[in-house]
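[1] Have a look at this fold, sequence not included:
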């Protein structure tokens with residue numbers, strides 16, 4: 001379980017200047033490392049109101065691509081970020097001031113903290129991006145992993161719409177690397193692959209799907225979170241299929257550092 005809350009000094013009713021600046025810098029970085037292609041939209045009636053956007057997780061660079069894609073369609077998203085990232089020196093204060101929401105896993109008061117998470121989500125004016133998988137996919141084909149029900153249960157409890165985001169190509173910019181960085185040797189594969197990305201110019205494809213229909217899921221019934229999660233993951237996968245039509249089995253780009261020890265339950269045809 002996790003707790004989710006805003007930094008008390010972070011405004012959520014307007015986009016902080018520091019976050020606007022970071023988004024503009026990010027857009028330049030993404031344009032240097034590859035070519036961004038965006039399809040779909042976020043309906044006007046869902047903007048500037050509580051909204052959960054759920055995306056598949058394919059690489060360490062894909063959050064940067066998502067930020068640039070959102071900027072292109074005129075929205076300034078926030079993320080659910082791990083507490084460790086928000087507490088990091090230099091970057092942490094900037095992220096806290098940007099109004100992101102915090103995830104603290106493993107807390108004892110699960111019920112109380114879930115209620116806080118629901119309240120924070122309802123009170124956030126900008127769209128919030130979350131990765132339901134919780135980590136970069138280990139599936140050999142890079143299809144979405146099974147994931148966890150936390151995002152679905154939050155959406156149901158807060159009664160907010162869910163827009164699925166499907167993406168492909170960001171995994172080609174930078175290698176997966178390693179689970180934990182213990183020294184310079186662990187960073188070198190990421191640096192080397194990142195330095196060649198401007199030469200290779202991979203295409204970053206991002207698709208904003210139609211809002212997931214959760215109207216048939218009754219929040220008070222047992223298993224509601226599981227059913228809502230399945231609908232969300234199926235919507236993400238459906239949007240992913242056309243983005244990777246030329247790579248239906250395994251990614252064309254080979255990343256020797258990425259683990260391939262799980263099997264996606266959402267892969268088409270399973």
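    Thanks, I have the structure now. Since the model is a prediction, treat every value here as computed from it, not as a measurement. Numbering: from 1, shown residues only.
[2] For the nearest residue to residue 94 once chain neighbours are set aside, give me its contacts.
    Setting aside the residues directly before and after it, residue 94 is nearest to residue 18 in space (C-beta to C-beta, 6 or more residues apart in numbering), at 5.8 Å. In this view, the C-beta of every residue, glycine as well, is placed from N, C-alpha and C. The contact partners of residue 18, taken as C-beta atoms under 8 Å, 6 or more residues apart in numbering, are 94, 97, 98.
[3] In helices, which of those appear?
    Under the assignment DSSP state H, these contribute 94, 97 to helices.
[4] Helices along the stretch 1-150 of the chain, start to end?
    Using DSSP state H, counting those that start in this stretch, the helices of the stretch 1-150 of the chain run over 17-33, 62-72, 83-86, 91-97, 110-122, 150-158.
[5] low pLDDT regions in this structure?
    Applying pLDDT under 70 to the chain flags the ranges 1-14, 82-84, 103-113, 270.
[6] all strands for it, in order.
    Along the chain, the segments classed as strands by DSSP state E run 2-6, 35-40, 52-55, 78-82, 101-105, 128-130, 162-168, 203-208.
[7] for the ones you listed, which one sits closest to residue 68?
    Proximity to residue 68 (C-beta to C-beta) singles out strand 35-40 among the strands of the chain, at 5.7 Å.
[8] buried sites along that closest one?
    Buried residues in strand 35-40, counted by 16 or more other C-beta atoms under 10 Å: 36, 38, 40.
[9] The last one reaches residue 209, doesn't it?
    Yes: here residue 40 lies in contact with residue 209, judged by C-beta atoms under 8 Å, at a distance of 5.9 Å.
[10] list residues touching both of these two?
    Shared contacts of residue 40 and residue 209, counting by C-beta under 8 Å, 6+ apart, come down to residue 239.
[11] what does the helix ranked longest in the chain contact?
    Ranked by residue count and defined by DSSP H, the top helix of the chain is helix 224-243. Helix 224-243 is contacted from outside by 40, 54-56, 132, 143-144, 146-149, 151-153, 155-156, 162, 164-169, 205, 207, 209-210, 212-214, 217-218, 248, 266-268, using C-beta under 8 Å, 6+ apart.
[12] Are any of the residues you listed buried, and if so which?
    40, 54-56, 132, 143-144, 146-149, 151-153, 155-156, 162, 164-169, 205, 207, 209, 212, 214, 217, 266-267.
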